[in-house]
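> how would this look folded up:
(one chain, ligands or ions: 1)
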Amino acid sequence: MPAKWRTAWITGASTGIGRELALRLARHGVRVAASARSADKLVDLAKAHSGIRPFRVDVTDRAELAAVHRNIVEAMGPVELAVLNAGVWHPMQASSYDARQAIHSMQVNYFGIVNALEPLIPAMVANGKGHIALVASVAGYRGLPKAAAYAPSKAAVINLAEVLRLELSRHGIVVSLVNPGFVETPMTAVNDFPMPYLLKADDAADRILRGLEKGRFEIAFPWQLVGMLKLLRLLPNGLFLRIAGRLGAG
Ligand SMILES: NC(=O)c1ccc[n+]([C@@H]2O[C@H](COP(=O)([O-])OP(=O)(O)OC[C@H]3O[C@@H](n4cnc5c(N)ncnc54)[C@H](OP(=O)(O)O)[C@@H]3O)[C@@H](O)[C@H]2O)c1
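All right, here's what the predicted structure looks like:
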């Protein structure tokens, strides 16, 4: 892969998909700013490749994100690719609804992205170029069992990506939306239900990078799961609720 970007910023880079993305980009000559809360894991990651530098941040802290963005630009130059990937998954059934988990999901998965966009967009507009990838999930397509906290936060990201793609292209900014299916990472290690078409994190990172290279809007995989869930999106509500109910709503 020829390096399309000189500097990339990845949030949620300490484990899973973000970590694999950081390593792949660095191997292709991209300078990578790796962010997450776990400073020790970021330092380990930076030891794995000299092109990676750690920038610890909690994405729920708006001021901290703005400061980290400034530090990255100073140390590494303008961010040309931002992969806003930090996320949390709180499995939660509606019958045991916990507002703290729902709020935390929204704070990290949605507002974590919003907080990063605030410094990123004006910088990219001023440069007349840039690429922003928002990591959502196929779980954002429709309401699904156990996803009362998670799915709404990802649905919000999907909607936001559409708005940004529409409005930022005239400024030379490419916006991509990443919707993975099940990927084997610390996030899914807690799951006690079958995960059809489960992918390895390195495979997921390869697919994401190929899509980003092509400047695609939606990068969704694997196609089998994406196809099924997109079909559910097209169904009338009555039929959707009958089918989705069999997936385990209790
Ligand atoms: N795995 C899947 O099946 C799957 C499917 C669809 C979508 N996704 C999405 O893909 C993205 C990556 O997930 P993953 O599977 O790679 O999970 P993961 O291994 O658990 O990675 C999540 C990353 O987010 C970071 N993070 C969490 N809270 C944060 C905060 N407040 N501030 C900064 N960083 C924070 C974590 O680092 P620290 O804990 O060190 O902060 C970690 O680096 C997420 O957005 C997830 O929703 C995953």
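> shaky segments in the chain?
Low-confidence regions of the chain, defined by pLDDT under 70, span residues 1-2, 248-250.
> And the strands in it?
Along the chain, the stretches classed as strands by DSSP state E are 7-11, 31-35, 52-54, 81-84, 130-135, 173-180, 183-184, 199-200, 218-221.
> Let me have these in a markdown table, adding distance to the ligand as columns.
In this view, the C-beta of every residue, glycine as well, is placed from N, C-alpha and C. Rendered in a markdown table, the data for the strands of the chain read as follows (distance: least, CB to the nearest ligand atom, whole Å):
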| stretch | distance to the ligand |
| --- | --- |
| strand 7-11 | 6 |
| strand 31-35 | 6 |
| strand 52-54 | 11 |
| strand 81-84 | 8 |
| strand 130-135 | 4 |
| strand 173-180 | 4 |
| strand 183-184 | 4 |
| strand 199-200 | 8 |
| strand 218-221 | 10 |
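> Is the ligand within reach of the longest helix belonging to the chain?
Ranked by residue count under DSSP state H, the longest helix found in the chain is helix 150-168. No. Remark: helix 150-168 sits outside contact range of the ligand, by CB under 6 Å from any ligand atom, the gap being at least 6.8 Å.
> Give me the angle between that helix and strand 130-135.
The directions of helix 150-168 and strand 130-135 differ by 160 degrees, with axes from the mean of the first three to the mean of the last three CA atoms, to 10 degrees as the criterion.
> Now do helix 150-168 against strand 173-180, angle only.
Calculated by the same axes, to 10 degrees, helix 150-168 forms an angle of 160 degrees with strand 173-180.
> Just list what helix 150-168 packs against, helices and strands only.
helix 99-105, helix 111-127, strand 130-135, strand 173-180 (3 or more CB pairs under 8 Å, 6 or more residues apart in numbering; DSSP states H and E).
> How much space separates the residue most central in space within the chain from Ser95?
What sits nearest the mean C-alpha location of the chain, by CA atoms, centre = their mean, is Val135, with 2.1 Å. Remark: distance between Val135 and Ser95 (CB to CB, to the nearest Å) = 29 Å.
> what's the answer for Met195, then?
Met195 sits 22 Å away from Ser95 when distances are taken as CB to CB.
> Contacts for the longest helix of the chain, please.
Outside helix 150-168, the residues within contact range by CB atoms under 8 Å, 6 or more residues apart in numbering are 89-92, 102, 105-106, 108-110, 113-114, 117, 121, 124-125, 132, 134-137, 139-144, 174-177, 179, 217.
> Right, I'll leave it there.
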